[in-house]
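Asks: Predicted model and sequence follow; I will ask about them next.
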Amino acid sequence: MDESLFKCFVEFHSDDLFYYVQCFALSREEAEEIVSDVFLEVWRNRDKIDKILHLKAWLVTVTHNKAISYLRKKGRPGRAVSWEEADDFAVQGNLQTPDEQIISREEMERINRIVRSLPPRCRQVFILAKIEKLPYKEIADMLGISVKTINIHISKALWLISEALRK
């Protein structure tokens, strides 16, 4: 992987990883630092990238581990992100199918607010499954929980989202 290809790789994945790191309620600067560390790890392992079967899952796992390590090192669970900071990493329409593209920008912003208000683990599982589109088995392995628990979190998230949209 040369530098120009790496730059494209970073641009393609950075927003998703930044959004994922926000599940840990870190400040914008801390999240950017963690994502930068992830890409440093990628650069160090660039000669092994082509051997990774599920690159997206590997990236999310590295990001997850770096965020957890960062929080442990700081000795704190993180802090809530302000709404101004949250706007920068809102879902960019990844929830939409072609038929749903008529949803207005206001509706997408409303859905993003609802997703951000989900309980932390539920939000994390929902993002990995529905936005990152990772298989439930990979998510279960990554988070150390069962596939049945993944199903419960997804069901809860979808129910909370639909209830909030009805109001």
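Replies: Looks like it came in fine.
Asks: Just say helix, strand or coil for the residue most central in space within the chain.
Replies: The residue lying closest to the centre of the chain (CA atoms, centre = their mean) is Tyr20, at 2.3 Å. Secondary structure for Tyr20, judged by DSSP: H, G, I helix; E, B strand; the rest coil, is helix.
Asks: before we move on, what about the one 3 residues further on?
Replies: Classification of Cys23 into helix, strand or coil gives helix, according to three-state DSSP.
Asks: Skipping adjacent residues, who's closest to it in space?
Replies: Residue nearest to Cys23 in three dimensions, not counting chain neighbours: Gln124, with 4.4 Å by CB to CB, 6 or more residues apart in numbering. Backbone N, C-alpha and C define where each C-beta goes, glycine included.
Asks: now Pro119
Replies: Lys156 is the one closest to Pro119 (CB to CB, 6+ apart), at 8.0 Å.
Asks: so where does that neighbour fall, helix or strand?
Replies: Using DSSP states H and E, Lys156 falls within helix 147-166.
Asks: pLDDT weak spots in this structure?
Replies: Along the chain, the parts satisfying pLDDT under 70 run over 1-2, 25-26, 76-105.
Asks: what residues go with each domain of it?
Replies: According to automatic domain parsing, the chain comprises the domains 1-87, 90-167.
Asks: Just give me the neighbour total for Asp47.
Replies: Counted by other CB atoms under 10 Å, the residues lying close to Asp47 total 8.
Asks: Any chance of the backbone angles for it?
Replies: phi -70, psi -10 (degrees, to the nearest 10).
Asks: Sketch out the helices for this protein, chain order is fine.
Replies: In the chain, the helices defined using DSSP state H lie at 3-21, 28-44, 55-74, 83-86, 105-117, 120-126, 136-143, 147-166.
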